[in-house]
Structure formats: structure tokens, C-alpha cells
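# next one to model:
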Amino acid sequence: MQDKLAEDDEEIAALERKLGIKSKKDLPQAFKDDGLDELLAGIDELVGTGDDDLSDRKKRKAEESDWLEQKRKKARQNREQELEGESEDDEEDFDDEDIGDSFDESVESGLSMGSDEFSDDDEGNGSGSDDEKNTDGEMDEEEEDDFGGFDSDASEDEPQPEKKVRENPYVAPNVSGSASPAKYIPPSLRKPAASDSEHLVRLRRQTQGLVNRLTEANLISILGDVEKLYRDNARQHVTSILVDLLLTSICEPTALPDTLIILPAGFIAAVYKIIGTDFGAQVIQRIVELFEEQYANAIKTGNHGPAAAASDSSKETSNLITLLSELYNFQVVGSNLMFDYIRMFLGTLSELNAELLLKMIRASGPQLRQDDPSSLKDIVNMLRPAVEKVGEANMSVRTKFMIETINDLKNNKMKTGAAASAVVSEHTIRMKKTLGTLNTRSLKGTEPLRIGLKDIQESDKKGKWWLVGASWAGNEPADDERSSKLVGPPKDALPDDIARDAGISDLGQLAREQRMNTDIRRAIFITIMSASDFQDAYMKLNKLRLKKVQELEIPKVLIHCSSAEASYNPFYTLIAKKLCGDRKLKMAFQFSLWDLFKNMGEGDEEEDVLDEDDEDALSTRHIVNLAKMFGSLIADGGLTITVLKNLNLTYLQPKTKTFVEVLFITMFLQSQRQAGSKRDETTIVNLMLRVKDAPAMTAGLQYFIKKVIRKTDIAGDKAEKATIKWACKIATETLQALATADAV
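Okay, the predicted model is just below:
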């Protein structure tokens, strides 16, 4: 064993010579540069210690004890000097001995922690006393930092400790230490952190790159990149930066051709459809604010009287009004904002106003005439007093041409044969087709924003009703003025049905009172209410040229109108029967009926059940009208009895039970009216045979017909009751035959 150990020592010595290690303490610099000095770290603790190490350890122990004693002595002296100038109460609170003891305990605890670390290492080597287990080298840098605060030089400038004050648990702690707390600054007014600024700069650079690469061909792909930015960043940051970049490219001091404005307008419309109202509302608001600023500057910089020429400062306003017109063409903003600007420009027929009016009429005139012809008629009526105010002799050629264009628009004689107009029209049609490809996706912005000019100008006072979560102070003066113009009794005195409301001449006002809260629903409502008969209504509805998604609003409006009548009106049922010829509308009526069942309490979840005080809760009059409507549709073949397949007919809520009972009575009586005095058994059998498509309904229908319909007391006179009992017998036999056939 000794020989082998000697061979190992010789091998180690040979390797040390090759590495150039002369001493374990002083390693060569190349050895340290390569990081090999860490290999020998702590080797002295693992290998046995000699007498030299033991003497060094004892010497360091004595030095540490002397140093600690000096620090304690200086701390006591400084504390005694501080206590001399304090009151007796302070002397009681801060005792000399307590401070010394606490100081000793804290220092000793720190040393004990270090000594424990060394003792663990030494125990593994089997070394002796505790005094020999503290340390085996110089003090680490970390330990020197821990005791660096006890420097003799720094002891004189050491701040005096503050007097301990009992903390009040009912008062927020004052972290800053000042007497008065700092004023609260909302997050929107705080200065952004350095990291946020860098993030915004990087986000602006990315968005700028997307806007620079925008073309009509890659619009959809750029839209996908913008969606990714919205997913990875804060929505408001992306919206603000994107709006700034787009409007900066439009608000130029040079007149941009309409073809260059169509592209950013189409991109804004695409982002509005995908992102939602928050983006579109911010774009419209910024356009209005920029236009007001540039419009005021254009008036100040030049003489814009009746015969004055438009200056170069008006080019920004021309570009912005063209952008707004294109956004109206792409269904981002409603017609009321456009007509507000037309009325404002007609207030003074200056050269600048004539140019802006001409831009609006040529860009979106046909669409304005189609959406709101009554407002266009009012605009034409405003032309005469405006011309009389200025005088025909003082009007420029541009102003006269603008007036002729408005009159041609009113008479539907717009001239679109010019080459420039043809090119613009072609670009607009292509952009609409591109935007139409987005309809296959789940869109968040499907309707134009009905924001008026006054709404945006007074947004600081009344709020922004067009944004979700924003406050709104109401529009009381406008409501009072509008209600004072109504003909007949006040709104509160009218009953809740359309029959009494028919005396109101303004169908638009009536649509708003019936909660038609979108442009599509208002158009459908006015079309139905203004028709002479159900065929005229059906033809007018077809002429609306609604999109596939918009057509689904027709059943909802018909159901609302039918339920709001004082008594059942077959007018709406006849229209619904004509519409059920389209399979999509037929399914829309079925889905609307299922929504009614949820409102009656047939939802599987508690949240589907409405309270009795809810304004959407159905009254008995509503239930009876709708039951007669759907019963007539089933009897006439517009719908089938399978629309009841989602109901458990053996257990129904009270409202649903009344609805189904009236539906069956109406269905049986309606099927026998064509037979006259005779009874037509075939019609009843044909109605029940439709249950083949839903065989699970057979048992429920048999139970409901036997227990409810056969014993009903709301059928009417004796003849009708007899007809109902006879129809129930035929229906039960038919259902029994179907059940037997299924069993076989």
C-alpha cells in the first residue's frame, strides 16, 4: 500500500511539473485563465491539514475576536453620545445594554452561520476541536461585504436610527417616509417605462413595415399579420399606432387621387370587420378631429369667400373627406355623419365648401341616395336658401357645378361616363369584392357605426356611447325636442302594441320605439309597415337586396311585430309563409321559435330563464299571438310539427304549455277551414305523419294531445270544441299507427 501511495505521489508531482504548478496556493496565470483553478478549490478541506494550517487558523481566530471587540466598543461609544442629547423617555426606549446585546447576538449569529459551514467540512476530515473548525483560509469577499458597514471611517457619518413608532393597522403605511402621501397618478397619465418605450418603438417599426408593403393584392395577408400583432401586443397600442400611420399617409399637403385613397380605406374597413368597433370608432374620431383642425387652418390661411379660390392648405381637408366618403362606401360609418357634413358645408357656399361637397357627392352620392333618400331631399331643399344668401351672380363655376350634381343625384341622373370616374368605380368594386371574401369568417364589425358629428364633438362632455364600457350622459335635449314633434298622445300614454302606434306618421321613430336598434332591422321594419299588403311587403323585402347574414333578421322582426300587436294579425303570418319557401329563412324561423322556448323557461341552464320583470319576458298576449302565428304556419305547410322536437311535452313550463296548447288548437282549426262544413281527415293525418322525421316525439305528442288538447277549455264555441276532440282522436290514432309501425 505504501509503495502504491508513493507511486501516486510521484505521478502527481510529474503532472504538476508538466502543468507548471510550483505551489498549491500560487497557481500560474495561464492555469487561472483556462478556468482550471476551480478544480483545486476546497481541496485543502478534503485533504488532511498540517501544523502550519492549524497555527494560521488560530491566528485568524484571534484577529477576528480583536476586530469584533473593537467594533462593539465603538458602537457603544457612538450610542452613548446619541443618548446624551435625548429625553428620559428616549433613554428608556433605547437601552444601552439592549443595543449592545442585540448587536452582539446579530454578529454572533452571522459568525455562527459561517462557522457551521466550516465545521461541516472539517467534520468530514475528522479534525478536532471547534476552534479549529471555523475557517481554513482568508475571509471570503462576501463576508467582507457583510461587515463592510462597520468601517471606522464610516462610523462617524452613520445616520442615526429613527425612533420606533407603533404602526397603526387601520392606516396605509407611508413607504416614502414623507409626511404627506404622493398624489395618485392614473395609468394613462404616467410616463412610460424605458422598456415600454422600446417595445412601442419596435411595434411601430413592425406596423410601419406592414403599411409600407400594403397593396391591393396582399391586403388579406397583411390583415393576417395585423391580427398577429393584436394577439401579441396590447390592443390599444396597436390601434393607436396603426391609426396614426394610416392617417399620416392620407393627411398630405398635396391632393391625392381617389385611387390611392381607396386602398387605405379598404384596409381600414377590413381591420374594422375583423378587430371590431374599438378600431373603427377610433379611426372615425381621429378623422373628424383632424378634419376640424385642417378645416380651421384652411379658413385662416386663405380668403374662402364665395368667389375665392381654394388654397393649398385645403388639400388635407379634401383628402380626409375623400377617405371618409370611401369608408362610408365600405360600410364603416353610417350616412348620418355624411349628411351632417353636407349640412355644415351648405351653411356657407364658399369655394372650399363647394370643393368638399363635390368630393363627397361624386364619391358616395349614389350610396347616400340609396340609404337615406329623405335626408337627401332635405339637403336639396337647403340649396335654395343657401343660393339666395350668396346670390347666383356671385357664385363660381365650381359651386354651380356642385349644385347641378346634387340635383342630378336627387333625380338619379348621375353622370359616370368620365374616364376618371370609371377607373375609381373599378377600384371600388374590386375592393368591395376583396372585403366580401371576409364574410366567411366570424366578423366583429358587421354594421356601420351610426356616429353623428355632434356625438364626436361632444364626446368629452357626454361620453362615447359607441364604445363598450364608455360612459354616456344621454341626449336629453334632443329627446325632448324629438318627442315634442310627435303627433298624437305622448309616448308614455301609448299602449305597448303596434295597432295604436300606427297613428304615428314617422315610421323611423316608430322603429326606434320598437327597439329596432340596427340599420338592417329598421329598414326591414319600415318596409313591412309601409307595405299595402303581404305580397307588396314580400316584394319590397326582396328589393332590399340583403346579404345572407342580413336576411336572417327578417324572421326576428316579423316575430316581434306579431307579438306586439293588440290581437293576432294574420298579415305577418302570410309574409312568413311566403318567406318559408327559402330553406334558410325556414330554418331561421325554427331557430327563433327555439329562442322563444328559452325565454319561456325551457332552457337547460338557469341563465336561460328570464325573470318576470325582464323587458324581454313574454306576456300572455305575446304568447297567444305567436302561438297562432306558428300554428298557422304548420297548418299551411310553411313549417312542420317537428319544430317542437326540442321540447319535453310530458313536462312543460306554464308559459310553454299555454303556447303549445294554443298552437295545436290553431293548427287543427286552420286545417279544417278549407273543408268548410265537412271534416277533412287527410289534413290531420298528413300533419301527424311528419313525425316520422323525429320518432322520439311520438310518445310526447300522444300524452300531450290526450291530457291537454282533448280536455282544453279555450277552443271557443261548441262546434270548435267538437272539432278539436275529433282532430285529437284522428291524431292519436295516426301516432299510434306510427309507433306500431316503428316497433314492427
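# and residue 412, what does it touch?
residue 369 (Cβ atoms under 8 Å, 6 or more residues apart in numbering). C-betas here are computed from N, CA, C, even on glycine.
# for residue 377, see how far away it is.
13 Å (Cβ to Cβ, to the nearest Å).
# again, but for residue 3
121 Å.
# the two: who's more crowded?
residue 377 (11 against 7; other Cβ atoms under 10 Å).
# wait, a helix at the more buried one?
Yes. Using DSSP: H, G, I helix; E, B strand; the rest coil, the assignment for residue 377 is a helix.
# where does the nearest residue to it once chain neighbours are set aside fall, phi/psi-wise?
Using Cβ to Cβ, 6 or more residues apart in numbering and skipping residues adjacent in sequence, the residue nearest residue 377 is residue 410, 7.0 Å away. Main-chain dihedrals, residue 410, degrees, to the nearest 10: phi -60, psi -40.
# go on, residue 447?
Residue torsions, per degrees, to the nearest 10, at residue 447 are phi -120, psi 150.
# and it, how many neighbours?
Residue 447 has 16 nearby residues by other Cβ under 10 Å.
# excluding residues flanking it in the chain, which one is nearest it?
Leaving aside its sequence neighbours, residue 447 sits nearest to residue 518 (Cβ to Cβ, 6+ apart; 5.4 Å).
# measure the one you found to residue 371 for me?
Taking Cβ to Cβ, one finds residue 518 at 13 Å from residue 371.
# swap in residue 238?
31 Å.
# so what does the biggest helix by length in the chain touch, helix or strand wise?
If you go by DSSP state H, the chain has its longest helix at helix 51-84. For helix 51-84, the elements it packs on are helix 96-125, helix 152-156, judged by 3 or more Cβ pairs under 8 Å, 6 or more residues apart in numbering; DSSP states H and E.
# give me the mean pLDDT for the shortest one.
Model confidence over helix 152-156, given as mean pLDDT, is 45.
# same check on the longest one?
With pLDDT averaged residue by residue, helix 96-125 scores 45.
# same check on stretch 32-43?
65.
# residue contacts, residue 600?
With Cβ under 8 Å, 6+ apart, residue 600 has these contacts: 618, 623, 653, 655, 656, 659.
# quick check, pLDDT for residue 488.
Reported pLDDT for residue 488: 34.
# thinking again about what came up before, quick one: which of residue 238 and residue 371 has more around it?
residue 238 (23 against 19).
# counting by contacts, list what the one helix or strand the more buried one maps to packs against.
Element membership for residue 238, per DSSP states H and E: helix 235-250. Here helix 235-250 touches helix 194-212, helix 219-232, helix 258-275, helix 277-301, helix 315-329, going by 3+ Cβ pairs under 8 Å, 6+ apart.
# can you list the buried residues in the third one?
If you call a residue buried by 16 or more other Cβ atoms under 10 Å, then helix 258-275 has these buried ones: 258, 261-275.
# now the second one
By neighbour count, and taking 16+ other Cβ under 10 Å as the criterion, the buried residues in helix 219-232 are 219, 222, 223, 226, 229, 230.
# and which of the residues you listed is nearest residue 315?
Nearest to residue 315 among the buried residues of helix 219-232, counting by Cβ to Cβ, is residue 219 at 25.9 Å.
# let me see the contact set for the closest one.
With the criterion set at Cβ under 8 Å, 6+ apart, residue 219 makes contact with 263, 266, 267, 270, 434.
# in contact with the first one, which residues?
Spelled out, that is residue 263. 214, 215, 216, 219, 431.
# these, buried ones only, as a ChimeraX selection?
Only the buried entries of those go into this ChimeraX selection, using 16+ other Cβ under 10 Å:
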select :214,219,431
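# adding secondary structure and distance to residue 701 as columns, could you present the contacts of residue 263 in TSV?
Compiled in TSV, these are given as follows (DSSP: H, G, I helix; E, B strand; the rest coil; distance: Cβ to Cβ, whole Å):
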residue	secondary structure	distance to residue 701
214	coil	60
215	coil	61
216	coil	58
219	helix	55
431	helix	54
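# adding pLDDT and distance to residue 564, write the contacts of residue 263 out as JSON lines.
Below are the contacts of residue 263 laid out as JSON lines (pLDDT from 0 to 100; distance: Cβ to Cβ, whole Å):
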{"residue": "214", "pLDDT": "91", "distance to residue 564": "48"}
{"residue": "215", "pLDDT": "90", "distance to residue 564": "51"}
{"residue": "216", "pLDDT": "88", "distance to residue 564": "47"}
{"residue": "219", "pLDDT": "91", "distance to residue 564": "44"}
{"residue": "431", "pLDDT": "90", "distance to residue 564": "40"}
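# for residue 455, state which of the contacts of residue 263 is nearest.
residue 431 (27.3 Å).
# let me know the pLDDT of the residue nearest to the closest one when sequence neighbours are not counted.
Nearest residue to residue 431, sequence neighbours excluded (Cβ to Cβ, 6+ apart): residue 266, at 4.0 Å. Note on residue 266: pLDDT of 92.
# okay but residue 266 is in contact with residue 436, surely?
No. Counting by Cβ atoms under 8 Å, residue 266 stays clear of residue 436, with 11.2 Å between them.
# quick one on the thing from earlier: by neighbours, which of the contacts of residue 600 wins?
residue 659 (28 neighbours).
# list the buried ones in the helix or strand harbouring that residue?
Here residue 659 sits within helix 654-673, counting by DSSP H and E. If you call a residue buried by 16+ other Cβ under 10 Å, then helix 654-673 has these buried ones: 655-672.
# before we move on, the earlier item: give me the distance between the residue nearest to residue 447 and residue 673.
In terms of Cβ to Cβ, residue 518 sits 38 Å off from residue 673.
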